[in-house]
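Novice: Quick one, fold the following:
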Amino acid sequence: MGSQQGANNLGMAMAIAVFMVILTTFQQFLSSRFRPYAEGFIRRFISSVDPYVQIKFHEDSSDGSLKNSEAFNAIETYLSCCCLSTSSSSRFKAKSVRDIREPILCPDEGERVTDYYQGIELWWEFKERTEDYDRFRGSGRKIKCYTLTFRKTWREKVVNEYVKHVMEEGTAAAANQRQLKLYTNSGHDHGEFGKWKCMKNFDHPATFATLGMEESKKQDIIDDLKWFSNGRDYFRSIGKPWKRGYLLYGPPGTGKSTMIAAMANLLGYNVYDLELTTIRNNASFKGY
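Specialist: The predicted model follows:
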């Protein structure tokens, strides 16, 4: 596969070189009126004979939307968790990610990572460049990008299935690694009541393995929680809110808080401590 790809790349490079010579010749003899048409034709021809497709995913969110940044982070986490362990790459970089307990390893600039999906070979490459460089300040805006390369033969499958697979796996991997948080609305800042505030990291050691309860009932709760966690699409399909409620009651010391901690650790969910006395009405509560 490697030799075949090398031969294809060599042939493609030669074709591009020939057409660049032709383009230079045309630029010398064609008037400015016809030059754009000639250049456009040559670009389209080169694109038609290129056997590969490239898709770029930028980190940039300067348009005010976080979608680009979210996709970029999902790709980075996917490559770190699903590809780098089997990759032959030798250069990596460690990156701290918000709410994730440990730094993740990412491909270094110019390093190519190979991935396989249902028999399809794909290549990821990370690149970084600086725009709007200020030579007096010695700084500029950094543009980061992951480029996905694959054969045109697999275009439909990659676009419709593989990209979605990467986003889902990357998001799930980030959720599994993130540090859980404990939020409360009991405080107030600048007169605003009911606003959620992160108090600390949630690191309660309780799990269902440590709970002292009947095994069959414990398994029923675990199965129900997992069904709910994976049921977002089902709830959407039937037009109902994606939520689940449990009523825990009993005197202090009977395990209510421990059960909540075990649920949070099983699902990887943050914990929100709702203080009802700080809520004046539904309109004043800034929850989520």
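
Novice: got the contact list for the top strand by length along the chain?
Specialist: Once the chain is assigned using DSSP state E, the strand that runs over the most residues is strand 120-134. Applying Cβ atoms under 8 Å, 6 or more residues apart in numbering, the contact partners of strand 120-134 are 1, 75, 79, 83, 106-116, 139-151, 154, 157-158, 162. No exception for glycine: its C-beta is placed from N, CA and C like everyone else's.

Novice: Which ones among these map onto helices?
Specialist: The helices, defined by DSSP state H, take in 75, 157 from those.

Novice: For PyMOL, write a command that selects the buried ones of the contacts of strand 120-134.
Specialist: Typed into PyMOL, the next command selects the buried ones out of the contacts of strand 120-134 (criterion: 16 or more other Cβ atoms under 10 Å):
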select buried, resi 75+79+83+106+107+111+113+115+144+146+148+150+154+158+162
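
Novice: Partner strands of the longest strand of the chain, with direction?
Specialist: With DSSP bridges as the test, strand 120-134 is paired with strand 112-117 (antiparallel), strand 139-151 (antiparallel).

Novice: residues in contact with the last one?
Specialist: If I follow you right, that is strand 139-151. When contacts are taken as Cβ under 8 Å, 6+ apart, the neighbours of strand 139-151 outside the stretch itself are 51-60, 72, 75-76, 79, 120-134, 158, 163.

Novice: what about 7 Å?
Specialist: When contacts are defined by Cβ atoms under 7 Å, 6 or more residues apart in numbering, strand 139-151 is touched by residues 51-60, 72, 75, 120, 122-134, 158.

Novice: Just the buried positions in stretch 246-262, please.
Specialist: If you call a residue buried by 16+ other Cβ under 10 Å, then stretch 246-262 has these buried ones: 258, 259, 260, 261, 262.

Novice: Show me the chain divided up by domain.
Specialist: Residue ranges for each domain of the chain read 1-50, 51-177, 181-278, as given by automatic domain parsing.

Novice: Does residue 251 belong to a helix, a strand or coil?
Specialist: Secondary structure for residue 251, judged by DSSP: H, G, I helix; E, B strand; the rest coil, is coil.
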